[in-house]
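> 3D model of this:
(chains A and B)
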Amino acid sequence: MSEAAAGSADDADPTDAVLRALADPHRRQILRLVRGGESAAGQIASHFELTQQAVSHHLQVLARAGLLSERRDGVRRLYALDPQGLEPVREMLSELWPSALERLKYAVEQDQKDQDQRHKAAEQKRRGRPS
Amino acid sequence: MTDSEVLTATVRIGAPPTAVFPYLVDPGLITRWIGEWADLRPEPGGTFALDISRTPVRGEYLEVEPPRRVVFTWGVAGSDSLPPGSTTVEIRLVPDGPDTIVELYHHDLPPAEFDGHRKGWLEKLDQLAGKVAGRDAADIQR
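Numbers count the residues shown, from 1 in each chain, chains lettered A, B, ... in the order given. Here you go, the predicted structure:
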């Protein structure tokens, strides 16, 4: 796996990098092709009506997101699915409810606070304090 | 089904259940914490419709017991893997002094959806990608 690519600017959030990598149908197709085992770049490209350059770009995006592992064998580049790369997305999905509940807490408590303040203001008005 | 998964989540809120409950049944309040559009008819058999990042979550309320408990079904319109009615969400509001403990149980999720089934993962990608596209669009609008 490429260490150098891991820190590039758009990959600041690994979840975003994975999700963006998955957002393209060609890239999802590539993942399906390599899930059974290693494939060479040329082999992968033969499944698409895309330029070698375009396929190579997609492979790089997937590798940078940690979804593909990359290995050199002589002049060939071999790619395989890296299942650990999906971990950030899995985490995101399991965080759907917890993060929603955190927003619920914030909304209720914020509204409660606003209400209390309005009550206080009304009270002060009733007591005849100038506003 | 015994091999289905339950996802649980919980939070403590500094307000009584009566203050929290409307956020589970009022379209204007539910969207404060989940989704961006809602159509809710909080009665047994009533509509539960929520768009979350443009993903159309559809279902119906099964039980509505103010201010302690709601149960509704949860699925995605047009989805084969998670069709409307296929899963159930139960939210309980448990009073604890001046606070409320919110307990959420998401029942009947497909078994081991993302665990150890690499294939299952990949089959989910198209659905997931739809959510991502919606999320990105939402980011742009912001």
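> B:Val25 contacts B:Arg41, correct?
No - using C-beta atoms under 8 Å, B:Val25 is not in contact with B:Arg41, being 9.1 Å away. In short, each C-beta sits where N, CA and C put it, glycine included.
> so for the two, which sits in the more crowded spot?
Comparing B:Val25 with B:Arg41 by other C-beta atoms under 10 Å in any protein chain shown, the one with more neighbours is B:Val25, at 21 against 15.
> give me phi/psi at the closest residue to the more buried one other than its chain neighbours?
Excluding its sequence neighbours, the residue lying closest to B:Val25 (C-beta to C-beta, 6 or more residues apart in numbering or on different chains) is B:Pro42, at 3.7 Å. Main-chain torsions, B:Pro42, degrees, to the nearest 10: phi -70, psi 80.
> B:Pro42 and chain A, how far apart?
Noted for B:Pro42: a distance of 16 Å to chain A, by C-beta to the nearest C-beta, to the nearest Å.
> mind listing what that residue touches?
By C-beta atoms under 8 Å, 6 or more residues apart in numbering or on different chains, B:Pro42 lies in contact with B:24-25, B:61, B:64, B:70.
> name whatever forms a beta bridge with the spatially closest residue to B:Ala77 that is not a sequence neighbour.
For B:Ala77, ignoring the flanking residues on the chain, the nearest one in space by C-beta to C-beta, 6+ apart is B:Pro56 at 4.2 Å. Under the criterion DSSP bridges, B:Pro56 forms beta bridges with B:Asp51.
> I'd assumed B:Val76 was in contact with B:Pro56.
Yes - the pair B:Pro56 and B:Val76 qualifies as a contact (C-beta under 8 Å) at a distance of 6.4 Å.
> the host helix or strand of B:Thr8 and chain A, any residue contact?
Assigned by DSSP states H and E, B:Thr8 belongs to strand B:5-13. Yes - using C-beta under 8 Å from any C-beta of the partner chain, strand B:5-13 reaches chain A at B:7, B:9-13.
> need the max-distance pair from those.
B:Leu7 and B:Ile13 (19.6 Å; C-beta to C-beta).
> neighbour count: the two, which is higher?
B:Ile13 (23 against 17).
> what sits against the more buried one?
Contacts of B:Ile13 by C-beta under 8 Å, 6+ apart are A:104-105, A:108-109, B:20, B:99-102.
> I'd like the next helix or strand past the worst-scoring helix or strand of chain A on mean pLDDT.
When the helices and strands of chain A are scored by mean pLDDT, DSSP states H and E, helix A:87-94 comes last with a mean of 58. Once the chain leaves helix A:87-94, the next helix or strand it forms, by DSSP H and E, is helix A:96-126.
> so which elements touch that next one?
In terms of contacts (3 or more C-beta pairs under 8 Å, 6 or more residues apart in numbering or on different chains; DSSP states H and E), helix A:96-126 is packed against strand B:5-13, helix B:17-20, helix B:22-25, strand B:99-109.
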